[in-house]
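In: Dropping the sequence and predicted coords here.
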Amino acid sequence: MNKRLPQTPGPIGIFDSGYGGLTILNQIRQHLPQYDYLYLGDNARTPYGSRSFEIVYEFTLQAVSKLFEMGCHLVILACNTASAKALRSIQMNNLPVMDAERRVLGVIRPTAECIGSITKSRHIGILATAGTIKSDSYPLEIHKLFPDITVNGEACPMWVPLVENNEYAENGADYFVQKHISKLLEKDKDIDTIILGCTHYPLLLPKIKQYTPKEITIVSQGEYVAESLKDYLKRHPEIETKCTKNATCHFLTTEAENKFSESASTFLNQIIKVERVSIENE
Ligand code: DGL
């Protein structure tokens with residue numbers, strides 16, 4: 001136990017490099033409306049997808065430390081890139097030193113768990129950031145559970161900038177969406193299920209559907225992450241009792257407040273208030 005960190009119960013922390021994690025937050029709040037949430041977007045340093053392992057680990061650790069300092073006992077990395085590149089190192093190297101009783105969970109494992117009952121052809125595709133694809137986290141997690149599934153991935157480096165810049169519904173987005181879906185399907189003609197392995201991608205869903213054959217199932221991970229968190233809280237009363245329940249949600253960003261609240265309000269369909277924070281080590 002770390003005496004410097006608040007020991008009283010607090011909100012559940014949700015972290016993403018930018019706005020993408022809001023798609024996960026939305027689903028979590030629908031499934032678990034009673035809890036308090038503290039969302040942190042590292043918008044000033046997004047995107048993470050093209051950054052090195054060392055940098056994503058450093059930035060994610062800073063974010064987790066901030067959320068712990070602000071009272072969270074449980075933090076969800078609502079970012080595949082951070083889950084792929086930083087989760088394991090934080091769990092193994094940092095949590096024992098920071099506070100062994102706090103928890104950090106990711107989004108890749110719950111997504112991998114759901115896939116076995118969805119694919120019939122046992123051939124699936126992953127669309128994600130370059131960092132997530134290069135880390136091989138999806139094939140590794142999926143093969144632990146379902147060794148018979150063939151997994152092919154395709155990095156879509158332009159998709160996060162399209163979402164972060166509010167261009168996801170514009171005509172220019174079509175070129176990049178079509179390009180990466182075609183490239184993925186060329187790699188394996190038997191794919192019957194595609195995982196959107198980046199929390200930003202659900203915003204591109206209308207266009208993704210437009211360029212994907214109708215018989216292919218598209219999996220957005222929010223619902224599965226939310227179900228998995230619900231189950232986790234049931235199985236871990238020692239963590240559950242440290243999560244406060246007043247149904248509130250607060251937002252933090254490392255960028256200018258007005259920039260975040262304008263975009264986030266569109267994603268969430270509601271006006272939100274946000275506070276700018278610095279998370280870099282002083
Ligand atoms: N939304 C994040 C993910 O799920 C990261 C996007 C980025 O910052 O590149 O991978």
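Out: Nice, I can see it. Numbers count the residues shown, from 1 in each chain.
In: and Ala44, that one's in a helix?
Out: Yes. Assessed by DSSP: H, G, I helix; E, B strand; the rest coil, Ala44 belongs to a helix.
In: can you pull the contacts of the residue nearest to it when sequence neighbours are not counted?
Out: Spatially, and ignoring its direct neighbours in sequence, Ala44 is nearest to Thr254 (4.0 Å; C-beta to C-beta, 6 or more residues apart in numbering). From N, CA and C alone the C-beta is placed, and that goes for glycine too. Applying C-beta atoms under 8 Å, 6 or more residues apart in numbering to Thr254 gives the contacts 41-45, 276-279.
In: tell me the SS of Ile14?
Out: Classified using three-state DSSP, Ile14 is strand.
In: Verify the stated contact: it with Gly21.
Out: Yes. Between Ile14 and Gly21 there is a contact under C-beta atoms under 8 Å: 5.6 Å.
In: And Gly222, how close does it get to the ligand?
Out: Separation of Gly222 from the ligand (C-beta to the nearest ligand atom, to the nearest Å) stands at 11 Å.
In: who's in contact with that residue?
Out: Gly222 touches 23-24, 26-28, 199, 202, counting by C-beta under 8 Å, 6+ apart.
In: gap between the nearest residue to it once chain neighbours are set aside and Gln34?
Out: Distance criterion C-beta to C-beta, 6+ apart; nearest residue to Gly222, sequence neighbours excluded, is Gln27 at 3.4 Å. Using C-beta to C-beta, to the nearest Å, we find Gln27 at a distance of 15 Å from Gln34.
In: Between the two, which is the more surrounded one?
Out: Using other C-beta atoms under 10 Å, the more surrounded residue of Gln27 and Gln34 is Gln27, with 21 against 10.
In: Could you say which helix or strand holds the more buried one?
Out: In the assignment (DSSP states H and E), Gln27 maps to helix 21-31.
In: and this structure, which of its residues are near the ligand?
Out: 16-18, 20, 46-49, 79-81, 129, 132, 160, 198-200 (C-beta under 6 Å from any ligand atom).
In: go with 5 Å
Out: With C-beta under 5 Å from any ligand atom as the criterion, the chain meets the ligand at residues 17, 20, 46-49, 79-81, 129, 160, 198-200.
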